[in-house]
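Student: this one's sequence-less:
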């Protein structure tokens, strides 16, 4: 039995989010929440929100025991890129890519 949660179109690059996801992968949910709370990264906020959502899904939709949950898998994949232009010298234009991410979080129950 597993509980999933998704966050789509998060306005942050997948590379930055994956750094935070690597910290909580395989950890107990209580420990994962503590890690996210005390890590000074901007990606911690959407990941923490997603973790709470996955825990609620597990409890309400799948009747799982919250105290036995752990982060089974989590990853961030690239979403659509917002392309912007920065004016440069001599009439040139410089492309700015504002990246987005889709985050997936899967919780499972320990035996």
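Tutor: That came through, no problem. Keep in mind that this is a model prediction, so the values were computed, not measured.
Student: what's the span of stretch 51-70, first residue to last?
Tutor: 10 Å (Cα to Cα, to the nearest Å).
Student: what helices and strands are in contact with the strand or helix carrying residue 71?
Tutor: Take DSSP states H and E as the rule and residue 71 turns out to sit in strand 69-78. Strand 69-78 sits against strand 2-10, helix 14-24, helix 29-37, helix 44-61, strand 101-109, with contacts defined as 3 or more Cβ pairs under 8 Å, 6 or more residues apart in numbering; DSSP states H and E. Quick note: C-beta positions are derived from backbone N, CA and C, even for glycine.
Student: can you check which of the ones you listed gets nearest to residue 83?
Tutor: Among the helices and strands packed on strand 69-78, the nearest to residue 83 by Cβ to Cβ is strand 2-10 (15.2 Å).
Student: okay, residue 111: pLDDT?
Tutor: pLDDT for residue 111: 82.
Student: again with residue 8
Tutor: 97.
Student: so how far is residue 24 from residue 106?
Tutor: The gap separating residue 106 from residue 24 is 12 Å, by Cβ to Cβ, to the nearest Å.
Student: equivalent analysis for residue 85, please.
Tutor: Counting by Cβ to Cβ - residue 85 and residue 24 are separated by 37 Å.
Student: repeat that for residue 4.
Tutor: 15 Å.
Student: those two - which one has more neighbours?
Tutor: Taking other Cβ atoms under 10 Å, residue 4 and residue 24 do not tie; residue 24 has more neighbours (24 against 16).
Student: that one: what's it in contact with?
Tutor: Residue 24 makes contact with 31, 32, 35, 36, 47, 51, 71, 74, according to Cβ atoms under 8 Å, 6 or more residues apart in numbering.
Student: so how far is residue 96 from the third one?
Tutor: It stands for residue 35. 32 Å.
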